[in-house]
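Engineer: Fold the following for me, if possible:
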Amino acid sequence: MKKVGIVVGSLRKESYSKKIAKNVAPLFPDGYETAFVEIGNLPLYNEEYDGNAPEEYTRFRNTVKEFDAILFVTPEYNRSVPGVLKNALDVGSRPYGESVWDGKPAAIISQSISNLSGFGANHHLRQSLTFLNMPVVQQPEVYLANSPELVDENGKINNDETIQFLQSFIDTFVELIKRYE
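Structural biologist: As a prediction, the model looks like this:
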């Protein structure tokens with residue numbers, strides 16, 4: 001059984017990123033298990049915590065270590081990733097040389113309530129993941145625009161073409177994961 005962690009870059013209870021992630025999780029095939037990774041409880045990274053980590057850091061790092069791959073689903077804040085997501089990346093990558101992200105295959109879904117579809121967040125996140133030595137799905141890229149119109153009142157994606165596209169994206173992600181077994 002392969003385990004895929006899902007990291008959502010928004011803390012809002014009714015976030016579109018979380019709703020999209022919940023729609024994507026069941027698209028993984030048999031033999032894959034998904035679980036959401038909590039990032040909202042992490043104190044802001046501070047180098048003074050290296051060697052004296054808060055319990056939240058230790059729990060988070062141990063959780064991420066259990067996964068074979070990571071799916072990031074994020075909104076865009078000010079043309080970049082939300083601070084909470086960047087903080088989680090930093091917490092998991094420290095102390096230097098002990099990154100829990102190292103070598104884990106990754107995939108990114110960005111979304112926006114506007115037409116820009118999280119392009120800036122997607123590419124800033126790719127830049128960080130490159131440094132963290134995480135092979136990332138390159139094609140297809142997933143930028144979802146106008147997310148309020150993409151999900152219905154029950155949080156379900158209401159567009160069959162989008163669901164088919166996300167399925168092809170997950171299929172590609174699974175192939176990437178297999179290459180790093």
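Engineer: Assess the claim that Val136 and Leu129 are in contact.
Structural biologist: Yes: the pair Val136 / Leu129 is scored as a contact, 5.2 Å apart, by C-beta atoms under 8 Å. C-beta coordinates here come from the backbone N, C-alpha and C atoms, glycine included.
Engineer: Mutual contacts of these two, please.
Structural biologist: Common contact partners of Val136 and Leu129 (C-beta atoms under 8 Å, 6 or more residues apart in numbering): Ala106, Ile108.
Engineer: the helices in the protein, which residues?
Structural biologist: 16-24, 55-65, 83-93, 119-131, 147-150, 160-179 (DSSP state H).
Engineer: buried stuff in the second one?
Structural biologist: Using 16 or more other C-beta atoms under 10 Å as the burial criterion, the residues of helix 55-65 that qualify are Tyr57, Phe60, Arg61, Val64.
Engineer: which ones are touching the residue nearest to the spatial centre of the chain?
Structural biologist: What sits nearest the mean C-alpha location of the chain, by C-alpha atoms, centre = their mean, is Phe72, with 1.1 Å. Neighbouring residues of Phe72 by C-beta under 8 Å, 6+ apart: Val7, Gly9, Leu85, Ala106, Ala107, Ile108, Ile109, Leu125.
Engineer: ok, of the residues you listed, which one's closest to Glu161?
Structural biologist: Taking C-beta to C-beta as the measure, Ile109 is the one of the contacts of Phe72 closest to Glu161, at 15.5 Å.
Engineer: Surely that closest one touches Pro75?
Structural biologist: No: look at Ile109 against Pro75 with C-beta under 8 Å: they stay out of range, at 10.3 Å.
Engineer: Can you check which residues contact both of those two?
Structural biologist: Common neighbours of Ile109 and Pro75 (C-beta under 8 Å, 6+ apart) are Ser17.
Engineer: which residues of this protein score low on pLDDT?
Structural biologist: Along the chain, no part satisfies pLDDT under 70.
Engineer: how close does Tyr57 get to Val4?
Structural biologist: 22 Å (C-beta to C-beta, to the nearest Å).
Engineer: what about stretch 95-113, distance to the chain center?
Structural biologist: From the chain centre to the centre of stretch 95-113 is a distance of 7 Å (C-alpha atoms, centre = their mean, to the nearest Å).
Engineer: now the end-to-end length of that stretch.
Structural biologist: Taking C-alpha to C-alpha, to the nearest Å, stretch 95-113 runs 36 Å from one end to the other.
Engineer: just stretch 60-75 next, same as before
Structural biologist: End-to-end distance of stretch 60-75: 21 Å, with C-alpha to C-alpha as the criterion.
Engineer: now swap in stretch 131-140 and tell me
Structural biologist: Span of stretch 131-140 from end to end, C-alpha to C-alpha: 21 Å.
Engineer: Show residues contacting that stretch.
Structural biologist: 70, 89, 93, 99, 101-108, 126, 129-130, 165, 168-169, 172-173, 176, 179-180.
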